[in-house]
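Asker: Sequence plus predicted model, see below.
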Amino acid sequence: QLVESGGGLVQAGGSLRLSCAASGRTFANYAMGWFRQAPGKEREFVAAISWSGRSTDYANSVKGRFTISRDSTENTVHLQMNSLKPEDTAVYYCAVVETGRWSWVPRSLNEFADWGQGTQVTVSS
């Protein structure tokens, strides 16, 4: 089970840090990612990180503002979100997929196997 935390209400220009933790297993050989879904819109890719942690990928809309990282000792993945904009408002979902590829960074919905329940992020103008 994946559990996201860290969402909330923040003013434009502010920051939030999302975390995703797993219960009952490790993320040792998993690629991990974050997606988001705004009301009336499709779920979209935000960021992902490889098993090794050395490769990352970001949606163009968040590049330079968001940073994905993983902590193997704490079995978590984080999404640091800075300079937030009202258009970042959405439910944010953590996703993982087991892989044997050290540097693979998935970014499509159907490449991920397990999903969290989501955490709401609201950015006020």
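Answerer: Structure's in. What do you need?
Asker: I'd say residue 17 and residue 76 touch.
Answerer: No: Residue 17 sits out of contact with residue 76 when judged by C-beta atoms under 8 Å, with a separation of 10.9 Å. Placement of C-beta: from N, CA and C, glycine included.
Asker: So those two - more neighbours on which side?
Answerer: residue 76 (18 against 14; other C-beta atoms under 10 Å).
Asker: Could you give the number of residues near the nearest residue to that one once chain neighbours are set aside?
Answerer: Spatial nearest neighbour of residue 76, chain neighbours left out: residue 21 (4.8 Å); criterion: C-beta to C-beta, 6 or more residues apart in numbering. Other residues near residue 21 number 18, with proximity taken as other C-beta under 10 Å.
Asker: what pLDDT does residue 72 get?
Answerer: The per-residue pLDDT reported for residue 72 equals 74.
Asker: how close does it get to residue 119?
Answerer: Distance of residue 72 to residue 119, computed by C-beta to C-beta, to the nearest Å: 22 Å.
Asker: The two - which one has more neighbours?
Answerer: Shown here are residue 72 and residue 119; by other C-beta under 10 Å, residue 119 has more neighbours (22 against 12).
Asker: What is the burial count for the closest residue in space to that one that isn't next to it in sequence?
Answerer: Using C-beta to C-beta, 6+ apart and skipping the chain neighbours, the partner closest in space to residue 119 is residue 7 (3.4 Å). Using other C-beta under 10 Å, residue 7 has 19 other residues around it.
Asker: For residue 7, list the residues it contacts.
Answerer: Counting by C-beta atoms under 8 Å, 6 or more residues apart in numbering, residue 7 touches 16, 18, 92, 119, 120, 121.
Asker: So which of those residues sit within strands?
Answerer: Among these, DSSP state E puts 16, 18, 92, 119, 120, 121 in strands.
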